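K.L.:
Give me a model of this one.
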Amino acid sequence: NDDAIIAKFKGRATPKHAPNENEFAAALTAREIMATDSAPTQYCVDGRVPCGVVIIGARPKARKSWYALQLAIAKAAAGRFMSVATSGGRVLYIALEDNKRRMRKRFEFFGITPDTAPDNLHIFHEWDSGIAGIEKLERWLTKFSDTVLIIIDVLQRFRGARDPKASAYESDYQMMAMLHGVTQRHDGLTVLVVHHVRKGPVDDPVEALNGTFAIAGAADAYIILRRGEGQQWIAHIDGRDWESWDHEFAWEFVDREGWRQVGVSTGETLTATQQEIIRVARDMGHITPTKLAESRQVSKQAAHDALRALVTKGAMRVWSGK
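P.N.:
Below you'll find the predicted structure:
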């Protein structure tokens, strides 16, 4: 019974030593937190991919690995990703389900030649799994501290066998927490994790991810890709570091370019934040991405996307200034 359990563990909660003088020095008061300027969300690609651990999940043959390679090429070459310019840096791509021949064909699809191929994009088709894989990532980052993007394709192969003594939730959370720890120790780093989704319809897009809720819960952001109407795909994007106010975007896969964002998913009702933007714009007479970014403390790209989404939905119109 409960009394027996309490009696069993009661003694273990008794402190053996007095508190150390500096034991609680790291605590912040609410006033100290509010007096500190809030740091803006860091982005791998402004308004598209935040830094931290990002999951992209989709069914087989949904071109999620193409998304990963498209991002890898853009970051390594300081090019554009889904119409947004990005800064360059070293990229590590762990492609555990691909081979050299298949990767070469994908490079050719994106117009990459031996002369234009970035030499700071490194690809491995084999990598240690589990804790050994995490430790190997840390050794890589020690040697190549200028790495800005790591891609793990796919999660199932990277994490290896589950601990039979741990629950499914514990196993999922342990792996995601270890990846999150890597990004916390290396400022400005993004780890993009490619993952599969389960078959069948779901009520919540997060439920589509194979495994438990720990996978999405421990990530900084997640992208769930599903087929829409015609040639369009719907990308459900959310997470604690996703500052955009729309969660469902319309994507298309274009020859020689890859994934392109063409707008927001139709049929979605306006969120409370979108309604607030419309109210502010009505009071001011107009609103610009710069003013919206300043007022909401978000990136200008995110503000631009939010306004464009409202225009696409027909909830706002472009103001010419005349």
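K.L.:
Neighbouring strands - and their directions - for the helix or strand containing residue 236?
P.N.:
Using DSSP states H and E, residue 236 maps to strand 232-238. With DSSP bridges as the test, strand 232-238 is paired with strand 221-227 (antiparallel), strand 248-254 (antiparallel).
K.L.:
which of these is buried the deepest?
P.N.:
The densest packing among the strands paired with strand 232-238, expressed as mean neighbour count by mean count of other Cβ atoms under 10 Å, is seen in strand 221-227 with a mean of 21. All C-beta atoms are positioned from the backbone trio N, CA, C, and that covers glycine.
K.L.:
so for that one, what's the average pLDDT?
P.N.:
Summarised as a single mean, pLDDT over strand 221-227 is 92.
K.L.:
Tell me where the stretch 51-200 of the chain has strands.
P.N.:
52-58, 80-81, 84-85, 90-95, 121-124, 147-153, 190-196 (DSSP state E, counting those that start in this stretch).
K.L.:
Would you convert the ones you listed into a markdown table that also reports mean pLDDT and mean neighbour count?
P.N.:
Below are the strands of the stretch 51-200 of the chain laid out as a markdown table (pLDDT from 0 to 100; neighbours: other Cβ atoms under 10 Å):
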| stretch | mean pLDDT | mean neighbour count |
| --- | --- | --- |
| strand 52-58 | 95 | 25 |
| strand 80-81 | 96 | 16 |
| strand 84-85 | 94 | 14 |
| strand 90-95 | 98 | 24 |
| strand 121-124 | 98 | 16 |
| strand 147-153 | 98 | 24 |
| strand 190-196 | 96 | 24 |
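K.L.:
mind putting those in a markdown table, distance to residue 26 included?
P.N.:
Supplementary listing: those in a markdown table, determined by distance: least, Cβ to Cβ, whole Å:
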| stretch | distance to residue 26 |
| --- | --- |
| strand 52-58 | 22 |
| strand 80-81 | 37 |
| strand 84-85 | 37 |
| strand 90-95 | 32 |
| strand 121-124 | 37 |
| strand 147-153 | 29 |
| strand 190-196 | 26 |
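K.L.:
who wins for proximity to residue 111 among those strands?
P.N.:
strand 80-81 (12.8 Å; Cβ to Cβ).
K.L.:
neighbouring contacts of the closest one?
P.N.:
Under the contact criterion Cβ atoms under 8 Å, 6 or more residues apart in numbering, strand 80-81 has outside partners 45, 48-49, 70-71, 74-75, 86.
K.L.:
Now intersect those residues with the helices, please.
P.N.:
70-71, 74-75 (DSSP state H).
K.L.:
Looking at the contacts of strand 80-81, spot the one nearest residue 148.
P.N.:
residue 75 (6.1 Å).
K.L.:
what residues are up against residue 203?
P.N.:
When contacts are counted by Cβ under 8 Å, 6+ apart, residue 203 is found next to no other residue.
K.L.:
In terms of pLDDT, where does it sit?
P.N.:
The predicted local confidence for residue 203 comes out at a pLDDT of 73.
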